[in-house]
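# Return atomic coordinates for the entry below.
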Amino acid sequence: MKFVTTTLAALLASAALAGAASAECEITLRSSDTHPDGYPTVEGVKAMAAEVKEKTEGRICIEVFPSSQLGEEKDTIEQTQFGVIDMVRASFGSFNDIVPVTQLMSLPYLFTSPDHQHAVMDGPIGEEIAEDFAEKDLIALAYYDGGARNFYNSQKPIQSVEDLKGMKFRVMQNDVFVDMMAALGANATPMPYGEVYSSIQTGVIDGAENNFPSYDSSGHAEVAKYFTLDQHLMVPELVAISKISWDKLSPEDQEILRTAARNSATLQRQLWAEQEKASEEKVVAAGAEVIKDVDKTAFIEAMAPVYEKYVTTPEAQDLVKRIQETK
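You can find the predicted model right below:
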């Protein structure tokens, strides 16, 4: 009987503490992420949550749900638009059907480096794009770094466009990527990601393309040891809040969220850079060769027909021009 009484008391105490913790937060915002706990984007939003809670003295809490707990990106974006979920972190690629301007961010070699991408997204162009999101009931709070995709293969070091001629690369099922490979004189072979390892190993394809952490975690470095740092694709990531949730906040609290989100972007980018470096060091130690001496200008110039095909309106042409001119 004493055990039951003690256990019941402990449970009641625990419930009271949980209730008190919940009571501290006048507003709880639920935020979704498809990546696992510990991933740079998840840690970025967690840092934002900590700053918001501190600055509001516990009035506003952000609860982060990683690992697709609330759904996949496209589903959670829609739920955020309708206010079912308060916040979402997602790649620009998942917004293509909702905010058309995001499609331009998948143009190869649009950004020449991570620093170039950050300068664009943190400046006037990023603010313009935020207005397009607002029209779809999503308030853009911060732009995160999604990394750079690079070519890797099993045959030889690639330093120039000529080195790619006739080679077969796995790409995502996307017309832009297929056309990119054709413009470089290579053959695109769309296939499920899970088939890449065996396809390189058996010679069905010569290589694939992705960022350093994926190249490492997938084990592709074991069968394709030549990694060319050409950075052909850098798609931004977005942290957004539902306009429905946003409009319930005071102007002062809105500013706290904006500031915390921007500060979290600095941390997220740093964490991503650290993860890339760690993955690079790991694959190099295992025998991979990283080719950094790349004639990127020639790669960019080869994209002329791709841009002609996909950048067709005066507005898109102007935006691309301004992105390329941003320093």
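
# give me the number of residues near Val99?
19 (other CB atoms under 10 Å). In short, each C-beta sits where N, CA and C put it, glycine included.

# Could you tell me the phi and psi values at it?
When read as degrees, to the nearest 10, the backbone of Val99 gives phi -120, psi 90.

# Direction included, what does the host helix or strand of Val64 pair up with?
Here Val64 sits within strand 60-65, counting by DSSP states H and E. Sheet pairing of strand 60-65 (DSSP bridges) gives strand 27-32 (parallel).

# Show the average pLDDT along the strand it pairs with.
On average, the pLDDT along strand 27-32 is 98.

# again, but for stretch 248-262
Averaged over stretch 248-262, pLDDT sits at 98.

# residues of that stretch that come out buried?
Across stretch 248-262, burial judged by 16 or more other CB atoms under 10 Å covers Leu249, Asp253, Gln254, Ile256, Leu257, Thr259, Ala260, Ala261.

# ok, the last one touching Ala142?
Right, the one you point to is Ala261. Yes. The pair formed by Ala261 and Ala142 meets the contact definition of CB atoms under 8 Å, at 3.8 Å.

# List the residues that are in contact with both of those two.
Residues touching both Ala261 and Ala142 (CB atoms under 8 Å, 6 or more residues apart in numbering): Met48, Val239.

# and the lengthiest helix in the chain, what other elements does it pack with?
When the chain is parsed with DSSP state H, its longest helix is helix 251-285. Helices and strands touching helix 251-285, by 3 or more CB pairs under 8 Å, 6 or more residues apart in numbering; DSSP states H and E, are helix 40-55, strand 60-65, helix 114-121, strand 138-144, helix 212-217, strand 237-242, strand 289-291.

# Check the ones you listed for me: which has the lowest mean pLDDT.
Mean pLDDT, when computed for each of the helices and strands packed on helix 251-285, is lowest for helix 212-217, at a mean of 94.

# Relative to Pro305, how far out is Met48?
41 Å (CB to CB, to the nearest Å).

# Looking only at neighbour counts, state which of these two leads.
Neighbour count, other CB under 10 Å: between Met48 and Pro305, Met48 has more, with 28 against 12.

# which residues touch the residue nearest to the more buried one when sequence neighbours are not counted?
Leaving aside its sequence neighbours, Met48 sits nearest to Ser264 (CB to CB, 6 or more residues apart in numbering; 3.8 Å). Neighbour list for Ser264: Gly44, Val45, Ala47, Met48, Glu51, Ala142, Val239 [criterion: CB under 8 Å, 6+ apart].

# Format those residues as JSON lines; extra columns: distance to Gln317.
Shown next, in JSON lines, are the contacts of Ser264 (distance: CB to CB, whole Å):
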{"residue": "Gly44", "distance to Gln317": "33"}
{"residue": "Val45", "distance to Gln317": "35"}
{"residue": "Ala47", "distance to Gln317": "37"}
{"residue": "Met48", "distance to Gln317": "35"}
{"residue": "Glu51", "distance to Gln317": "39"}
{"residue": "Ala142", "distance to Gln317": "28"}
{"residue": "Val239", "distance to Gln317": "29"}
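
# right, and the helices and strands packed on helix 251-285 - which one's nearest Ala273?
Closest to Ala273 of the helices and strands packed on helix 251-285 is helix 114-121 (CB to CB; 7.6 Å).
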